[in-house]
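1. Here is a sequence with its predicted model. Questions after.
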Amino acid sequence: MKHAEPQAAIQVVNLTKRYRRGPLANDRVNLRVMPGELFGLLGPNGAGKTTLVRQVTGELMPTGGDIRVFGVDVVRQPRRARELLGIVPQEAGLFAALTVEDHLTYFGRIRGLKNKDLRGRVDTLVRELNLDGHRRKDAMNLSGGLKRKLLVGIAMLGRPRAIILDEPTTGLDPHSRREVWGLIRRYQREGTAVLLTTHYMEEAEYLSDRVGVISEGRLVAAGTVSELHARISNRFKLTYRQPNTDYPHERTTVYGRTMDELNQRIHQLGLEEYDVAKTNLEDIYLELTRRPLAAGEDR
Amino acid sequence: MTRWLRDAHVVFSMEARRFLKDWQGFAINSLIASATFIMLHLMMAPPPETEVQLLAGAIVFAVGMQSVNVTGSVLVSERFEGQMTLFRTSPMSRGSYVAGVTVASALTALLTAAVVLAVAAVAGAEFQPSVLLLPLLIMTALALPGFAVLIATHVRTAQSGYMLSSAVGILVVLVSPIFYPIDRLPEWLQWVARLSPFTHAGQAFREVLTGGSSVLLPVVVLLAFMVVTNGLGIARMRWREP
């Protein structure tokens, strides 16, 4: 008996975006995020991550392809799709003269929350995001990191079935970053699908079930970190300080397919101090998004 | 419909809170509009019928310009500073958003008109207070903001948005004979003036401030402007980027 395929939380098929008189920002991108899954999207600046996310949130009109959120067509029914989504945009502004509590209350009302439910939800999010001490502060008096946390809170207000976070922890200190991670994890465990873009490899590696790498508008790889690891040739890396250099803190990294290859290199160079490690997500990312070196540029 | 109104009310409340905290802007607008009337009143020492004309002109000038300028500048700043993104990524319609912003902006214009009327009364201007003033003020305030919506959501930069939305208000006031009778204009300009809602608003205010109530034609024209410009503004505004 054939089982029906489970419905994807977010499904993007052949998504193409060409800006008017501009470049091809997304080129036939396909991706699927299942309920309870966290999909991390990585890519260099200008690779097309935010363009992709803004099309999924319905802010930007695609040139071609299909985007569905729990089966709802984002292009035809953007409002219905946004009812299912919590969104942390990369560049959103807060109302300078409104407090943290005001923001959560007003946007909670737009999400249909009322009275006791609304107050309870605001209290919970203020506590979970550790914003208690800032609850009655005007947004104009919040640091950049606190503003980001408030945006995360606004996105979580309606207990969305899927969350889209476009660089949610940019500008956050390590403690705040972990608070936001904790919140994302909790929602994910409760079955919420998460699509996250980030420049922090540690964040992507820690949070993501699967990672996608986007380069020049195309999704060049997608899979678990170990699946991506299997796709690259270099499994190990050797990091050492160049002997007799004017820059003693500068470290050089050499990649190798096997440990033997790196051991040979260590002997050749006569190194006494060095680190050898397995390649990580950052190395995978660098290999997958490698660009041609400019003349005189060292890798 | 209930949801539409709820969302519009949320936006209105947020904008109203912003205006309350940023009351200096409102105070300056009220001061300029009141000063316009007082200066003309003192310089010209006009007969009562001319004074009513000046008062009607000052009210239309204040309400018409302010509603367009404030709607335009709020939308431009929210678009380029990112607050509009928060609404756009929420499950709400563009109609609710525009209605909330427009009504909040119109409210500040109405308050300015109330200040102008109060200043005129204190200065000894003779006019007849009437309940008809309120609907006329509302219609004047809502006659043109739809153009500001179009401009604010289509311009490429914030600077051009602020400039163009102010220019629309100024231009329409300039072609409207609100401080003097329309027959003082050359005939061809009278035709142009008749295309402006502020010309009709000025006539209606003059009629009501002198104790009359024959304002059917101006009311119909103002209502038509309200429906057409705001409908056009909401229908053609850029909510989703192309």
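-> Sure thing, it's come through.
2. ranges for the helices of chain B?
-> With helices called from DSSP state H, chain B shows them at B:2-21, B:23-44, B:48-81, B:83-88, B:94-122, B:133-141, B:145-154, B:158-174, B:187-194, B:197-209, B:216-236.
3. what about the strands in the stretch 1-150 of chain A?
-> Using DSSP state E, counting those that start in this stretch, the strands of the stretch 1-150 of chain A run over residues A:10-18, A:24-33, A:38-42, A:64-69, A:72-73, A:85-88.
4. So for A:Ala221, which of the ones you listed sits nearest?
-> strand A:38-42 (9.5 Å; Cβ to Cβ). The way it works is simple: take the backbone N, C-alpha and C, and place the C-beta from them, glycine included.
5. need the strands of the stretch 1-150 of chain A in JSON lines with mean neighbour count, mean pLDDT and distance to chain B, can you?
-> Listed next are those as JSON lines, based on neighbours: other Cβ atoms under 10 Å in any protein chain shown; pLDDT from 0 to 100; distance: least, Cβ to the nearest Cβ, whole Å:
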{"stretch": "strand A:10-18", "mean neighbour count": "19", "mean pLDDT": "96", "distance to chain B": "10"}
{"stretch": "strand A:24-33", "mean neighbour count": "20", "mean pLDDT": "95", "distance to chain B": "12"}
{"stretch": "strand A:38-42", "mean neighbour count": "26", "mean pLDDT": "96", "distance to chain B": "17"}
{"stretch": "strand A:64-69", "mean neighbour count": "19", "mean pLDDT": "96", "distance to chain B": "11"}
{"stretch": "strand A:72-73", "mean neighbour count": "15", "mean pLDDT": "97", "distance to chain B": "11"}
{"stretch": "strand A:85-88", "mean neighbour count": "27", "mean pLDDT": "95", "distance to chain B": "4"}
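6. where does the residue in the stretch 1-150 of chain A positioned nearest to chain B fall, phi/psi-wise?
-> Residue nearest to chain B within the stretch 1-150 of chain A (Cβ to the nearest Cβ): A:Gly93, separated by 3.1 Å. Phi and psi for A:Gly93, reported as degrees, to the nearest 10, are phi -110, psi 150.
7. Which residue, other than its chain neighbours, is closest to it?
-> B:Gly82 (3.1 Å; Cβ to Cβ, 6 or more residues apart in numbering or on different chains).
8. these two touch, right, the one you found and A:Ala92?
-> Yes - using Cβ atoms under 8 Å, B:Gly82 is in contact with A:Ala92, at 4.6 Å.
9. Specify which residue of those two has the higher count of neighbours.
-> Neighbours were counted for B:Gly82 and for A:Ala92 using other Cβ atoms under 10 Å in any protein chain shown; A:Ala92 has more, 23 against 17.
10. Could I get the buried residue list for the worst-scoring helix or strand of chain B on mean pLDDT?
-> Least confident helix or strand of chain B, by mean pLDDT, DSSP states H and E, is helix B:23-44 with a mean of 82. By neighbour count on 16 or more other Cβ atoms under 10 Å in any protein chain shown, the buried set for helix B:23-44 is B:26, B:29-30, B:32-34, B:36-38, B:40-41.
11. and A:His103, how many neighbours does it have?
-> 22.
12. Now do the contacts for it.
-> Residues in contact with A:His103 (Cβ atoms under 8 Å, 6 or more residues apart in numbering or on different chains) are A:94-95, A:139, A:150, A:153-154.
13. Dump those to a markdown table, plus pLDDT and neighbour count.
-> A markdown table is the format used below for those (pLDDT from 0 to 100; neighbours: other Cβ atoms under 10 Å in any protein chain shown):
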| residue | pLDDT | neighbour count |
| --- | --- | --- |
| A:Leu94 | 95 | 23 |
| A:Phe95 | 94 | 21 |
| A:Ala139 | 93 | 20 |
| A:Leu150 | 95 | 25 |
| A:Gly153 | 94 | 26 |
| A:Ile154 | 96 | 27 |
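14. Distance to B:Ala224 added to these, as JSON lines?
-> Shown next, in JSON lines, are the contacts of A:His103 (distance: Cβ to Cβ, whole Å):
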{"residue": "A:Leu94", "distance to B:Ala224": "38"}
{"residue": "A:Phe95", "distance to B:Ala224": "34"}
{"residue": "A:Ala139", "distance to B:Ala224": "40"}
{"residue": "A:Leu150", "distance to B:Ala224": "43"}
{"residue": "A:Gly153", "distance to B:Ala224": "44"}
{"residue": "A:Ile154", "distance to B:Ala224": "39"}
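15. just for the chain, where's the confidence low?
-> All of this is about chain A. For chain A, the stretches flagged by pLDDT under 70 are A:1-3, A:243-245, A:248, A:291-299.
16. hmm, I had chain B in mind actually
-> B:1.
17. Now do stretch A:199-210: everything it contacts.
-> A:37-40, A:42, A:167, A:169-170, A:177, A:181, A:184-185, A:188, A:194, A:196, A:198, A:211, A:222-225, A:280-282, A:285.
18. Got a PyMOL select line for the buried ones in those?
-> In PyMOL, this line selects whichever of these come out buried by 16+ other Cβ under 10 Å:
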select buried, chain A and resi 37+38+39+40+42+167+169+177+181+184+188+194+196+198+211+222+225+281+285
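19. In helices, which of the contacts of stretch A:199-210 fall?
-> Using DSSP H, those in helices are A:177, A:181, A:184-185, A:188, A:225, A:281-282, A:285.
20. buried set for stretch B:151-166?
-> For stretch B:151-166, by 16+ other Cβ under 10 Å, it's B:151-153, B:155, B:161-162, B:164-166.
21. Which residue would you name as the spatial centre of chain A?
-> A:Thr197 (2.0 Å; Cα atoms, centre = their mean).
22. hang on, the earlier thing: want to try CSV for the buried residues of stretch B:151-166, with distance to A:Met259 as columns?
-> Compiled in CSV, the buried residues of stretch B:151-166 are given as follows (distance: Cβ to Cβ, whole Å):
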residue, distance to A:Met259
B:Ile151, 65
B:Ala152, 62
B:Thr153, 59
B:Val155, 60
B:Gly161, 61
B:Tyr162, 63
B:Leu164, 66
B:Ser165, 67
B:Ser166, 70
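23. For chain A, which segments are assigned as helices?
-> So, for chain A - with DSSP H - the helices run A:49-56, A:78-84, A:100-110, A:115-128, A:144-156, A:174-189, A:201-207, A:225-231, A:259-269, A:281-288.
24. and chain B, which residues reach chain A?
-> For chain B, the contact set with chain A under Cβ under 8 Å from any Cβ of the partner chain comprises B:3, B:6-7, B:10, B:13-14, B:17-18, B:21-22, B:78, B:81-83, B:85-93, B:240-242.
25. Find the closest residue to chain A in chain B.
-> Closest point on chain B to chain A, by Cβ to the nearest Cβ, is B:Gly82, at 3.1 Å.
26. What parts of chain A come near chain B?
-> Counting by Cβ under 8 Å from any Cβ, the residues of chain A near chain B are A:20, A:54, A:57-61, A:78-80, A:82-83, A:85, A:87, A:89, A:91-98, A:102, A:106-107, A:109-112, A:151, A:154.
27. Make a PyMOL selection of whichever of these turn out to be buried.
-> Applying 16+ other Cβ under 10 Å to these, the buried members can be selected in PyMOL as follows:
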select buried, chain A and resi 54+57+58+59+60+78+82+83+85+87+89+92+93+94+95+97+98+102+106+107+109+110+111+151+154
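28. Just confirm the residue of the stretch 1-150 of chain A closest to chain B contacts B:Phe87, I think it does.
-> No - if you go by Cβ under 8 Å, A:Gly93 and B:Phe87 don't touch, sitting 10.9 Å apart.
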